[in-house]
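1. let's see this in three dimensions:
(chains A and B)
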Amino acid sequence: MNVTLPDGTVLDLPDGATGADAAAAIGPGLARAALAVKQGGQVRDLGLPLIDGEQLEIVTRKSGRDALDLIRHDAAHVLAAAVLELYPGVKISIGPSIDGGFYYDFEFPDGSGVTEADFPAIEQRMREHIKAAEPFQRDEVGIEEALERFRSEGQDYKLELIEDLVRDQGVQTVSLYRNGAFTDLCRGPHAPATDRIGAIKLQSVAGAYWRGDSSRTMLTRIYGTAFFTARELEEELERLEQARARDHRKLGRELGLFSFSDISPGSAFWLPKGTVLWNELVALSRDMGAERGFTEVKTPLLYDSELWKTSGHWGKYRENMFVTETEERAFGLKPMNCPGHAHMFRSQRWSYRDLPVRYAEPGLLHRNELSGTLHGLLRVRHFVQDDAHIFCAEEQVEQEVRRCLEYAFSTFEIFGFEIELELSTRPEQRIGTDEMWDRAEGALAKVLADDGLDYRVNEGDGAFYGPKIDLHTTDSLGRSWQLGTVQLDYSMPERFDLVYTGADNAEHRPVMIHTARMGSFERFIGILIEHLAGELPVWLAPVQALVLPISDRHAQAARDVAATIRARGLRVEADDRAESIGRRIREGELQKIPYMLVIGDREADEQAVSVRRRHEGDLGMVAVERFVEHLAHETATRRDAPLGR
RNA sequence: GCCGACGUAGCUCAGCUGGUAGAGCACUUCACUCGUAAUGAAGGGGUCCCCGGUUCGAGUCCGGGCGUCGGCUCCA
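-> The predicted structure is shown next:
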């Protein structure tokens, strides 16, 4: 048999040769370093026969993600082995590698469980397995034998997994992996032995439903991570530590932007500085929307249940709504703006010449999210979306979607966010004909393809009324959050009986496009703070410049400079407290204020300030007038710029 | 909502096996009047998340609730 190596050389091997044979044929060093092989995009055990004629890559610890996935999956098995030894009667379920580590889900017998306090003992046991260099042995066994084995061990979850494999995939055999006395149902692949795992660390314990189904048993999930060396592990833990310093909840409090209170869970209190930031973002959204033909509207917060029945929310979304009642009429606080906008659209007659109609509304929404899901600003119950609804003719859909994406990308470009696109297609529960869905999905896919955009398809994850393109980004810990969205909606126009008069003088049904760029201002600000570690650009900084007199006799000059800057509509404060200049500078730095303007005798004499720029330090004396122009320029252009001499 | 952990001054945290609370920072006052990341001294500040229970006595032990954090489920 022949396999081709990445450098193009062809390796001639006897029939039935394994990955280990291939590595040995290349060299003894590689034979020792080999962890697995990769053929046809799949990582496979070193001990399995190679696929004839396929490209062959030997996976070693240098192979990056493939190699880490391998030992993390190994580590998951070692974790399960350790837990089974320490907690007899535990039932094991599944344990994959994930971004950043691995987990394993267990069901502990009644009355027992683990907490993080138990981690040292479990880690100790894991290290013993690793040190013992237990080989991972793969056995291919018949269904009956596998069932018999796990039945005798009382491993019910494994039985269910095997039965499902038989039913859904019609498998005749399953693979078992054995290391030491531990055997697990597993597809593989695994490294040759447990000693390839260099360093492990258990990180947290959490609940997780069996098979992600909230109606089924809550299992105990143990998260951990593994690396080839202790040093890499330390670096990762250090990185996580630093990420926590960027947490928007911590920075929001430290910078005086917002606070939370038990008195209104899931709702932020926006302090004066946070409100400045908020208002600047709303202004950005307004300016960009106006440039793109959006007109701002304002609609009520509270509506009779009739509206929600028409829109379908009363049936499909009620558990997420705050509902109230007065004079025997049921009302609901709006969780979305679309029904109000549809209702508004209906209040007049429209010609095809009027389309597209683009209503924008930074509207306050309330959603009664489950208490356990609330998360700082990133998931709240009270929030404002930079929301808009476009009412257009069917043939305008593609162009409008393209414009929505352009709008979103232009927005994110200002902040330097990296965005991932997801196209969510028809769900099982849906309305509308298949032709309509074909057309809608086709239009979205065509825009993505025409513009050469990379995206992931989320099969069956669309809204019940139409497919959507979602824009995702990550927080400081790499967790993905949805910001913007572009959704095609054929349902709302139907339900609200929206029409316009076409060129043929007949009534036609418009299409609704539901779109947002930042998503909610709350979530956007949370993500923004984490991306920038709280170092807001000049145009967003609540305090753009802090004036610092050296001593009392410069206080009046400092107040004068502050007044001059404030008169230009810029945000400045003077700190003339009786503290040392070093102290006041330190506090200004901790507040992440972009500019500090120091005024002593020299500056006061010359109508100048010594400019200290965040990160850059002392830039020397600059005339007050010139500094003000520079600050005004950065603010107006919404872009930081170097201060020329 | 579910699983687990946690909840002490504005913030970060001590408080051992139960004997009615403490530090640093912040705040107030006074002194210092200072040249680019912490001047010094004194002082004020607490329903120990809430409600029950055990106990002579609960911040500490037990039960229930609320909130927060990490996940699961769900979503901007």
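
2. kindly provide the distance from the residue nearest to residue A:139 when sequence neighbours are not counted to residue A:153.
-> Using Cβ to Cβ, 6 or more residues apart in numbering and skipping residues adjacent in sequence, the residue nearest residue A:139 is residue A:176, 4.7 Å away. The way it works is simple: take the backbone N, C-alpha and C, and place the C-beta from them, glycine included. Between residue A:176 and residue A:153 the computed distance is 12 Å (Cβ to Cβ, to the nearest Å).

3. do the same with residue A:198
-> 30 Å.

4. more neighbours: residue A:176 and residue A:153, which one.
-> residue A:176 (20 against 14; other Cβ atoms under 10 Å).

5. my guess is that one contacts residue A:145. True?
-> No: between residue A:176 and residue A:145 there is no contact under Cβ atoms under 8 Å: 9.2 Å.

6. parallel or antiparallel, list what pairs with the helix or strand hosting the residue nearest to residue A:139.
-> According to DSSP states H and E, residue A:176 maps onto strand A:173-179. Paired with strand A:173-179 in the same sheet, following DSSP bridges, are strand A:137-142 (antiparallel), strand A:182-185 (antiparallel).

7. dump these to TSV, plus mean neighbour count, distance to RNA strand B and mean pLDDT.
-> Listed next are the strands paired with strand A:173-179 as TSV, based on neighbours: other Cβ atoms under 10 Å; distance: least, Cβ to the nearest atom of the strand, whole Å; pLDDT from 0 to 100:
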stretch	mean neighbour count	distance to RNA strand B	mean pLDDT
strand A:137-142	13	29	94
strand A:182-185	20	20	94
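
8. partners of the residue nearest to residue A:139 in the sheet?
-> Here residue A:176, judged by DSSP bridges, has bridge partners residue A:139, residue A:185.

9. can you pull the contacts of it?
-> Contact analysis of residue A:176 by Cβ atoms under 8 Å, 6 or more residues apart in numbering lists A:138, A:139, A:141, A:146, A:149, A:183, A:184, A:185, A:186.

10. per-residue pLDDT of the nearest residue to residue A:537 once chain neighbours are set aside, please?
-> With sequence-adjacent residues excluded and distances taken as Cβ to Cβ, 6+ apart, residue A:537 is closest to residue A:640, at 5.1 Å. What the model reports for residue A:640 is a pLDDT of 95.

11. hang on, residue A:640 in a strand?
-> No: judged by DSSP: H, G, I helix; E, B strand; the rest coil, residue A:640 forms no part of a strand; its state is coil.

12. is it true that it touches residue A:536?
-> No: taking Cβ under 8 Å as the definition, residue A:640 is not a contact partner of residue A:536, at 10.0 Å.

13. which one of these two has more residues nearby?
-> Using other Cβ under 10 Å, the more surrounded residue of residue A:640 and residue A:536 is residue A:536, with 26 against 15.

14. what's the pLDDT at the closest residue to RNA strand B within the stretch 151-300 of chain A?
-> Closest residue of the stretch 151-300 of chain A to RNA strand B, Cβ to the nearest atom of the strand: residue A:207 (2.4 Å). pLDDT for residue A:207: 90.

15. A helix includes it, no?
-> No: per three-state DSSP, residue A:207 lies outside any helix segment and is strand.

16. who are the contact partners of the residue in the stretch 1-150 of chain A positioned nearest to RNA strand B?
-> Per Cβ to the nearest atom of the strand, residue A:115 is where the stretch 1-150 of chain A lies closest to RNA strand B, at 4.2 Å. Counting by Cβ under 8 Å, 6+ apart, residue A:115 makes contact with residue A:205.

17. where in chain A is pLDDT low?
-> Applying pLDDT under 70 to chain A picks out residues A:111, A:645.

18. middle-most residue in it, spatially?
-> With distances taken as Cα atoms, centre = their mean, the residue of chain A nearest its centroid is residue A:480 (1.3 Å).
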